[in-house]
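Engineer: With the input below, show me the fold.
(one chain, ligands or ions: 1)
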Amino acid sequence: MFNEKKWDKELRNVMVKRGIQEYKMNAGLKYDEKLIKKLDKNLTGLSQEVLKNKVDRSLFLNCLDLSLSDKLGELNIEFYKNRNKVIKNKYCNWSSWRQFASNSKDPKLRKDVFDDFLKKSVKLKANVKKRTDIVVREYDKYNLNVVDSYCEQNFLSKNNLKRIINELNVKKQFNKEIEKFMQEKFNKPFEYYDDLYYVRNVLFDDFNIKNDPVKECTQVFKKMGFDLKKIKIDNKNRRNKTATACCFGIDPGKDVRIMYKKENGINDFSSVFHELGHAVHFDVMDNPLWWKRSFVPNSVAEVFSILTENIFFDKFFLNKYNLDINLLDKRRKLNEMYFLAFYVPNSLVKIEYWEGKIKFDEISSRYSELIKEYMGVDLNGNYWLLHHILPEEIIYCPSYIIASVRVFELINILKKKYGNEWWNNKESGNYLRELMRSGVDIDLGFSRLDTSYFRSVFDK
Ligand SMILES: [Zn+2]
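Structural biologist: Below is the predicted model of the structure:
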C-alpha cells in the first residue's frame with residue numbers, strides 16, 4: 001500500500017537538499033556535484049513509487065517529470081557548466097551577456113557578440129538533443145503526449161491553449177511600435193540582435209529611480225498583511241551567477257530565496273517585484289502535503305509574480321515617484337507587446353515539436369520562420385539554444401502567456417472588490433493569501449481564460 005504522507009515526508013527531505021544545491025548552482029556558488037547525483041537518484045526512486053501506484057493524476061504527471069532526475073541530472077549539470085565555457089568571448093560570457101548588452105552603447109559591438117554567440121550555440125545542441133530524447137522515450141512509455149500532459153497539469157484544455165496563443169498575436173502593433181521606438185531613440189531600424197532582453201532595458205533607461213526595489217516592494221506587501229522577513233535575497237554579482245532573476249521555493253513556507261543581478265532602475269524594480277511575488281506565494285503556502293506546495297504548475301505560479309510586477313507598473317502606484325508616467329506607460333505597453341511577439345513563437349515551436357509536427361533537427365529552421373512571422377525579423381533559429389528557458393525546460397513558455405491572461409482577469413476582480421489601489425488594502429491581501437495558500441489545490445474560479453483583459457493593456 002502506498003503511504004502518501006510517509007512518501008511526502010521523504011520527498012521533502014530529498015527535494016529540500018536538492019533545492020539548496022540548485023540554488024547554489026544558479027547563484028554561481030560552490031555546489032556539490034556528487035550530492036546532486038545522489039539526490040537525483042533518490043528522486044527517481046521516489047517518483048517511480050508513484051508511477052507504479054498511480055495514486056493521484058496530478059502527482060502522477062509531476063512524478064513523471066521528476067522520475068527523469070536521475071537521467072537528466074548529469075546532462076543538466078553538463079549544460080550549466082558548458083554554457084559559460086562555450087558561450088563566451090573577451091566581452092562577456094552567457095551569464096553576463098544581458099548586462100553587457102544593456103551597458104553597451106555600440107550596436108556594432110552588440111551585433112558582433114550576438115553573432116559570435118549564435119555561432120557557438122551549435123555546441124550546446126547535442127546536450128539538448130540527448131535530454132529531449134530522454135523525455136520523448138519516457139512519455140512514450142506511458143503513452144502520454146507532452147502537450148496534453150502540460151495542459152492537464154496547468155488546468156486548461158489544449159483548445160484553450162491554442163486559442164489563447166492565437167488571440168494574442170500582436171505582430172502588426174508590435175512592428176509599428178518597435179520600429180518607431182528604435183528609430184526615435186537610436187536612429188536605426190529594429191534588427192534581429194535587438195532581442196527582448198536588450199530592448200526591455202533600453203525601453204526603461206530614460207527613467208531614473210534611485211529607491212531600493214526590495215524596500216519598496218516590502219512596503220507594498222506589508223500593507224496587504226504579508227511578511228517578508230523569512231525571505232532571503234541575493235543581489236550580489238558573481239561571474240557564474242545566472243543572468244535571470246529567479247526565486248527558489250526550496251521549502252515552501254520555510255525556506256524561500258530570490259536572486260537577481262542589477263541591470264537598470266526600472267528593470268530591477270520589475271524583476272524584484274516579480275520574484276518577490278513568487279516568494280510570497282511560496283511563503284504563505286500551508287497545504288499539509290508538501291508536494292502540493294512544491295509542484296504548483298508554472299502557469300499558476302507565474303500568476304502571483306506577474307500580478308506583483310503589475311502593481312509596480314500601475315500608474316496609481318507610480319504616482320509616488322518622480323517619473324514621466326505617460327511615457328513609462330507607453331514603454332511598458334511596448335514591453336508587453338515584445339513579450340508576446342517573442343513568447344508566442346517560443347510557445348508555438350515547443351508545441352509543434354511535441355506534437356510531432358517537426359523533428360528535433362528542424363527546430364532551428366522552424367523557429368526562424370516563426371520569429372519572422374511574429375516578430376518580423378530574420379533571426380538565426382539557433383537562438384533558441386541561447387535562451388534561458390527554451391533549451392532547459394520541456395515546455396514552460398506558454399505558462400507566462402497563460403499566467404498573464406489569468407493575471408489581468410484577477411486584477412479586474414481585485415479592482416472591482418477593493419478599488420483602483422487594491423494593493424493598499426489588507427482585505428485584498430486576505431483574498432490573495434486564500435488563493436495562494438493551498439498550492440496545487442488553488443481555486444481558479446476567477447479565470448475564464450478571457451484574453452480581452454490582457455489585450456486591453458495595449459489595445460487602447
Ligand atoms: Zn516568474
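
Engineer: So the nearest residue to Ser438 once chain neighbours are set aside, which state does it fall into?
Structural biologist: Leaving aside its sequence neighbours, Ser438 sits nearest to Asn287 (Cβ to Cβ, 6 or more residues apart in numbering; 5.2 Å). For glycine as for every other residue, the C-beta is placed from the backbone atoms N, C-alpha and C. When classified by DSSP: H, G, I helix; E, B strand; the rest coil, Asn287 comes out as coil.

Engineer: Contact partners for Asn287?
Structural biologist: Taking Cβ atoms under 8 Å, 6 or more residues apart in numbering, we find Asn287 in contact with Arg293, Arg437, Ser438, Gly439, Val440, Asp441.

Engineer: Make sure the second one is actually in contact with Asp283.
Structural biologist: No. If you go by Cβ atoms under 8 Å, Arg437 and Asp283 don't touch, sitting 10.0 Å apart.

Engineer: More neighbours: which of those two?
Structural biologist: Neighbours of Arg437 and Asp283, each counted by other Cβ atoms under 10 Å, are more numerous for Asp283; the result is 23 against 16.

Engineer: Which helix or which strand is home to the more buried one?
Structural biologist: helix 265-284 (DSSP states H and E).

Engineer: C-terminal to that helix, which secondary structure element comes first?
Structural biologist: Counting by DSSP H and E, the next helix or strand C-terminal to helix 265-284 is helix 290-294.

Engineer: Which helix or strand lies directly C-terminal to that following helix?
Structural biologist: Remark: after helix 290-294, the chain's next helix or strand is helix 298-313, criterion DSSP H and E.

Engineer: quick one, that following helix and helix 265-284 angle?
Structural biologist: Using axes from the mean of the first three to the mean of the last three Cα atoms, to 10 degrees, the direction of helix 298-313 lies 130 degrees away from that of helix 265-284.

Engineer: which element follows helix 298-313 toward the C-terminus?
Structural biologist: Scanning forward in sequence from helix 298-313 by DSSP H and E, the next helix or strand is helix 315-318.

Engineer: Let me know the average pLDDT across that following helix.
Structural biologist: Throughout helix 315-318, pLDDT has a mean value of 90.

Engineer: In that helix, which residues are buried?
Structural biologist: Phe317, Leu318 (16 or more other Cβ atoms under 10 Å).

Engineer: quick one on the thing from earlier: please identify which two of the contacts of Asn287 are farthest apart in space.
Structural biologist: The distance between the two most remote of the contacts of Asn287 (Cβ to Cβ) is 11.3 Å, for Arg437 and Val440.

Engineer: which residues does the nearest residue to Val122 once chain neighbours are set aside contact?
Structural biologist: Distance criterion Cβ to Cβ, 6+ apart; nearest residue to Val122, sequence neighbours excluded, is Asn382 at 6.2 Å. Shown in contact with Asn382 (Cβ under 8 Å, 6+ apart): Leu118, Ser121, Val122, Lys125, Ser364.

Engineer: what about Asn382, distance to Val349?
Structural biologist: Distance, Asn382 to Val349, using Cβ to Cβ, to the nearest Å: 12 Å.

Engineer: tell me the phi and psi of Asp251?
Structural biologist: phi -140, psi 90 (degrees, to the nearest 10).

Engineer: what's the burial count for it?
Structural biologist: Using other Cβ under 10 Å, Asp251 has 18 other residues around it.

Engineer: where do the strands sit along this structure?
Structural biologist: Assigned by DSSP state E, the chain shows strands spanning 232-234, 246-251, 255-259.

Engineer: Using CSV, lay out the ones you listed together with mean pLDDT and distance to Ser447.
Structural biologist: Output for the strands of the chain, formatted as CSV (pLDDT from 0 to 100; distance: least, Cβ to Cβ, whole Å):
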stretch, mean pLDDT, distance to Ser447
strand 232-234, 95, 30
strand 246-251, 96, 22
strand 255-259, 96, 25
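
Engineer: closest to Asn13 out of those?
Structural biologist: Of all the strands of the chain, it is strand 246-251 that lies closest to Asn13, at 10.2 Å by Cβ to Cβ.

Engineer: Packing partners of the closest one?
Structural biologist: helix 4-27, strand 255-259, helix 265-284 (3 or more Cβ pairs under 8 Å, 6 or more residues apart in numbering; DSSP states H and E).

Engineer: what pairs with that strand, and is each one parallel or antiparallel?
Structural biologist: strand 255-259 (antiparallel) (DSSP bridges).

Engineer: got the angle for the strand it pairs with vs helix 4-27?
Structural biologist: Orientation of strand 255-259 against helix 4-27 (the same axes, to 10 degrees) gives an angle of 20 degrees.

Engineer: Number of residues surrounding His274?
Structural biologist: Neighbour count of His274, defined by other Cβ under 10 Å: 25.

Engineer: who's in contact with it?
Structural biologist: Ala245, Ser305, Ile306, Thr308, Glu309.

Engineer: you'd agree the first one is up against Tyr260?
Structural biologist: Yes. Because the distance of 3.6 Å satisfies Cβ under 8 Å, Ala245 is recorded as touching Tyr260.
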